[in-house]
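**Q** build the 3D model from these lines:
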Amino acid sequence: MAKSIIRIGGVDIYDKIADVALSDIFGIGRPLALRILKRNNIKNKKTSEYTEEELLKIKKDIEENCKIEGDLRGEIKNNIKNLTLMGCYRGIRHKKGLPVRGQRTKTNCRTRKGKRKTVANKKKAEK
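**A** This is a model prediction of the structure:
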């Protein structure tokens with residue numbers, strides 16, 4: 001029996017079904033987790049039920065074939081930085097904090113734009 005908490009790629013993985021537990025790692029979703037298990041001929045069961053050999057297979061596969069956590073975050077940040085430096089449309093949208101993929105901005109997009117800022121009306125000129 002393995003420990004109830006495993007550490008892969010600097011992330012603690014708690015006792016859950018394997019594909020759900022692996023999806024706690026940034027860069028691994030459920031489909032990729034299932035692919036990793038299938039590549040290594042490992043059944044999808046609770047992480048506490050795995051032997052040390054099976055856990056080592058999973059760790060080795062992730063280290064060799066997947067870009068996860070810090071490496072992936074750094075690459076994404078670098079890609080966004082390159083877009084802003086180029087001055088392309090997507091880079092400008094990133095810089096301004098607006099939606100990048102063509103969403104409407106008249107309404108919605110509060111997640112990107114932040115809390116509403118009210119603009120006061122101009123006073124009318126006196127006659």
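
**Q** per-domain residue ranges of this structure.
**A** Taking automatic domain parsing as the reference, the chain has its domains at 6-68, 70-113.

**Q** so which of these is nearest Ala120?
**A** For the domains of the chain, proximity to Ala120 was assessed by CB to CB; domain 70-113 is nearest, at 18.7 Å. Any C-beta I mention is one placed from the backbone N, CA and C, and that applies to glycine too.

**Q** gap between that closest one and the chain center?
**A** 15 Å (CA atoms, centre = their mean, to the nearest Å).

**Q** out of the domains of the chain, the one nearest Glu126 is which?
**A** domain 70-113 (32.9 Å).

**Q** take the domains of the chain and lay them out in JSON lines including mean neighbour count and mean pLDDT.
**A** Below are the domains of the chain laid out as JSON lines (neighbours: other CB atoms under 10 Å; pLDDT from 0 to 100):
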{"stretch": "domain 6-68", "mean neighbour count": "16", "mean pLDDT": "91"}
{"stretch": "domain 70-113", "mean neighbour count": "12", "mean pLDDT": "92"}
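
**Q** please name whichever of these is nearest to Val119.
**A** Of these, nearest to Val119 by CB to CB is domain 70-113, at 13.6 Å.

**Q** in JSON lines: the domains of the chain, plus distance to Lys122.
**A** Listed next are the domains of the chain as JSON lines, based on distance: least, CB to CB, whole Å:
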{"stretch": "domain 6-68", "distance to Lys122": "48"}
{"stretch": "domain 70-113", "distance to Lys122": "21"}
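
**Q** contacting residues for the one residue sitting closest to the centre of the chain?
**A** Closest to where the C-alpha atoms of the chain average out (CA atoms, centre = their mean) is Phe26, at 5.1 Å. Contacts for Phe26 (CB atoms under 8 Å, 6 or more residues apart in numbering) come out as Val11, Ile68, Glu69, Leu72, Arg73.
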